[in-house]
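Student: Sharing a sequence plus its predicted fold:
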Amino acid sequence: MYNQRLTTLILITIFIISVNCFVIDHPAQSKKAKVGDEFKPISVTDPMVLDDIQFVIDQINSASSSKYLVKPVKVREAYILMKEYVRLTFDLATTTCLKDSKAALDKCAIDQKQPIKTCNELIVDNTPWREVKKKITNFGNCAL
């Protein structure tokens with residue numbers, strides 16, 4: 001009985017020491033990751049990116065105090081993290097269409113008197129198991 005306990009104690013000790021050595025020496029664990037390092041580039045024409053851009057535009061148009069609709073002009077960059085979080089940088093233009101006109105954005109002309117705005121590092125959360133399936137977690141500089 002004593003030998004069995006001693007053997008078990010020795011095995012547990014060896015296991016704990018080996019796990020601690022792995023954690024200390026493993027390159028992925030020893031290098032500190034920066035916050036944005038996990039995002040990987042994704043094509044700006046990817047269907048998920050296009051869907052997220054449309055979602056963002058819908059959110060901006062419904063929540064902004066402007067009486068005019070906005071629409072995307074150009075998607076500059078898109079990055080993805082864990083197939084759920086999309087970080088976008090895109091250009092946004094004010095149109096000549098009034099919000100209450102219910103006009104289709106592709107039919108709305110860009111208001112040439114208004115500057116084009118670049119929205120930097122806006123993040124859309126596409127986490128499927130949450131109650132809210134899609135939400136903007138970081139507006140970057142793209143204020144409503």
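Tutor: Done, it's in. Residues are numbered from 1 along each chain as shown.
Student: From here on, just use CA atoms for contacts and neighbour counts.
Tutor: Noted.
Student: Lys67 reaches Leu98, doesn't it?
Tutor: Yes - contact between Lys67 and Leu98 holds when scored by CA atoms under 8 Å: they sit 5.7 Å apart.
Student: which residues in this protein form helices?
Tutor: With DSSP state H applied, the chain shows helices at 2-25, 27-30, 47-63, listed in chain order.
Student: which stretch in those helices has the least confidence?
Tutor: Of all the helices of the chain, the segment with the smallest mean pLDDT is helix 27-30, scoring a mean of 40.
Student: starting at the chain centroid, how far to stretch 119-135?
Tutor: Mean-position distance between stretch 119-135 and its chain equals 7 Å (CA atoms, centre = their mean, to the nearest Å).
Student: residues near Ser101, how many?
Tutor: Using other CA atoms under 10 Å, Ser101 is surrounded by 9 other residues.
Student: Count the neighbours of Asp46 for me.
Tutor: Count around Asp46 with other CA under 10 Å applied: 11.
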